[in-house]
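Visitor: model the structure of this input:
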Amino acid sequence: MAPTKEKILVLDDEPHILDLIQMRLESQGYEVITAATGEEALAKARSTVVDMAVLDLMLGDGPDGIQVMEQLLLINPHVPVIILTAHGTINNAVEAMSRGAYCYLTKPYK
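Guide: Numbers count the residues shown, from 1 in each chain. A predicted model of the protein is given here:
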(Lines give C-alpha, C1' and ligand atoms only; values in the text may rest on other atoms or scores of the structure.)
Protein backbone atom coordinates (compact mmCIF):
# COMPACT_ATOMS: atom_id res chain seq x y z
CA MET A 1 0.00 0.00 0.00
CA ALA A 2 1.44 3.37 -1.02
CA PRO A 3 1.94 5.96 1.70
CA THR A 4 -0.66 8.71 1.74
CA LYS A 5 0.45 12.12 0.57
CA GLU A 6 0.11 15.12 2.83
CA LYS A 7 -2.81 17.27 1.70
CA ILE A 8 -2.38 21.01 1.34
CA LEU A 9 -5.34 23.33 0.84
CA VAL A 10 -4.41 26.33 -1.32
CA LEU A 11 -6.68 29.38 -1.60
CA ASP A 12 -5.98 32.18 -4.07
CA ASP A 13 -8.38 34.15 -6.24
CA GLU A 14 -5.78 34.60 -9.01
CA PRO A 15 -5.97 31.48 -11.23
CA HIS A 16 -2.37 31.68 -12.47
CA ILE A 17 -1.00 31.96 -8.92
CA LEU A 18 -3.21 29.05 -7.83
CA ASP A 19 -1.92 26.94 -10.74
CA LEU A 20 1.71 27.85 -10.00
CA ILE A 21 1.47 26.97 -6.31
CA GLN A 22 -0.33 23.72 -7.13
CA MET A 23 2.31 22.75 -9.70
CA ARG A 24 5.21 23.46 -7.34
CA LEU A 25 3.68 21.62 -4.39
CA GLU A 26 2.68 18.60 -6.46
CA SER A 27 6.22 18.42 -7.86
CA GLN A 28 7.36 18.02 -4.24
CA GLY A 29 4.98 15.11 -3.69
CA TYR A 30 2.06 16.82 -1.96
CA GLU A 31 -1.61 16.37 -2.78
CA VAL A 32 -3.02 19.82 -3.45
CA ILE A 33 -6.63 20.86 -2.99
CA THR A 34 -7.33 24.23 -4.60
CA ALA A 35 -10.01 26.84 -4.03
CA ALA A 36 -10.66 30.23 -5.61
CA THR A 37 -12.96 31.59 -2.87
CA GLY A 38 -13.05 31.44 0.89
CA GLU A 39 -16.39 29.67 0.83
CA GLU A 40 -15.03 26.99 -1.52
CA ALA A 41 -11.94 26.50 0.66
CA LEU A 42 -14.04 26.05 3.81
CA ALA A 43 -16.39 23.61 2.07
CA LYS A 44 -13.42 21.52 0.96
CA ALA A 45 -11.90 21.66 4.46
CA ARG A 46 -15.16 20.35 5.90
CA SER A 47 -15.17 17.35 3.56
CA THR A 48 -11.43 16.52 3.55
CA VAL A 49 -8.90 16.61 6.37
CA VAL A 50 -5.95 18.76 5.27
CA ASP A 51 -2.46 18.75 6.74
CA MET A 52 -1.72 22.39 5.96
CA ALA A 53 -3.32 25.43 4.34
CA VAL A 54 -1.85 28.23 2.24
CA LEU A 55 -4.27 31.16 2.07
CA ASP A 56 -4.04 34.41 0.13
CA LEU A 57 -4.73 37.37 2.41
CA MET A 58 -6.56 39.62 -0.07
CA LEU A 59 -9.44 37.92 -1.85
CA GLY A 60 -12.03 39.48 -4.16
CA ASP A 61 -15.53 39.12 -2.76
CA GLY A 62 -16.30 37.44 0.53
CA PRO A 63 -14.05 36.84 3.51
CA ASP A 64 -10.33 37.66 3.48
CA GLY A 65 -7.62 35.10 4.19
CA ILE A 66 -7.53 35.82 7.93
CA GLN A 67 -11.29 35.32 8.23
CA VAL A 68 -11.02 32.06 6.28
CA MET A 69 -8.15 30.99 8.54
CA GLU A 70 -10.23 31.59 11.66
CA GLN A 71 -13.06 29.44 10.28
CA LEU A 72 -10.60 26.79 9.13
CA LEU A 73 -9.10 26.64 12.63
CA LEU A 74 -12.59 25.99 14.03
CA ILE A 75 -12.85 23.00 11.67
CA ASN A 76 -9.30 21.75 12.37
CA PRO A 77 -7.63 23.59 15.29
CA HIS A 78 -4.22 22.03 14.65
CA VAL A 79 -3.77 22.74 10.95
CA PRO A 80 -0.82 25.05 10.23
CA VAL A 81 -1.88 28.00 8.08
CA ILE A 82 0.45 30.09 5.94
CA ILE A 83 -0.90 33.48 4.88
CA LEU A 84 0.39 34.80 1.53
CA THR A 85 0.04 38.37 0.36
CA ALA A 86 1.29 40.83 -2.21
CA HIS A 87 0.15 43.61 0.14
CA GLY A 88 2.36 42.83 3.11
CA THR A 89 2.55 45.21 6.02
CA ILE A 90 3.86 44.76 9.52
CA ASN A 91 0.35 45.32 10.88
CA ASN A 92 -1.09 42.60 8.61
CA ALA A 93 1.65 40.19 9.64
CA VAL A 94 1.13 40.86 13.36
CA GLU A 95 -2.64 40.47 13.00
CA ALA A 96 -2.32 37.21 11.05
CA MET A 97 0.14 35.71 13.53
CA SER A 98 -1.83 36.84 16.59
CA ARG A 99 -5.01 35.31 15.15
CA GLY A 100 -3.45 31.91 14.52
CA ALA A 101 -1.28 31.92 11.39
CA TYR A 102 1.73 29.64 11.49
CA CYS A 103 3.62 31.82 9.01
CA TYR A 104 3.14 34.97 6.93
CA LEU A 105 4.87 35.31 3.54
CA THR A 106 4.89 38.12 1.01
CA LYS A 107 4.67 37.61 -2.75
CA PRO A 108 6.73 37.09 -4.76
CA TYR A 109 8.15 34.14 -2.88
CA LYS A 110 10.56 31.33 -3.65
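Visitor: please report how far Tyr104 lies from Val10.
Guide: Taken as CB to CB, to the nearest Å, the spacing of Tyr104 relative to Val10 amounts to 16 Å. For every residue, glycine as well, the C-beta is placed using N, CA and C.
Visitor: who's more crowded, the two?
Guide: Relative neighbour count places Val10 above the other of Tyr104 and Val10, with 26 against 20, counting by other CB atoms under 10 Å.
Visitor: mind checking how far that one is from Leu72?
Guide: Relative to Leu72, Val10 is positioned 12 Å away (criterion: CB to CB).
Visitor: what touches both of the two?
Guide: 53, 55 (CB atoms under 8 Å, 6 or more residues apart in numbering).
Visitor: stretch 69-76: how far from the chain's middle?
Guide: For stretch 69-76, the separation from the chain centroid amounts to 11 Å (computed by CA atoms, centre = their mean, to the nearest Å).
Visitor: following element in sequence after the lowest-mean-pLDDT helix or strand in the chain, please.
Guide: Lowest on mean pLDDT, DSSP states H and E among the helices and strands of the chain sits helix 90-98, with a mean of 81. Past helix 90-98, further along toward the C-terminus, the next helix or strand under DSSP states H and E is strand 103-106.
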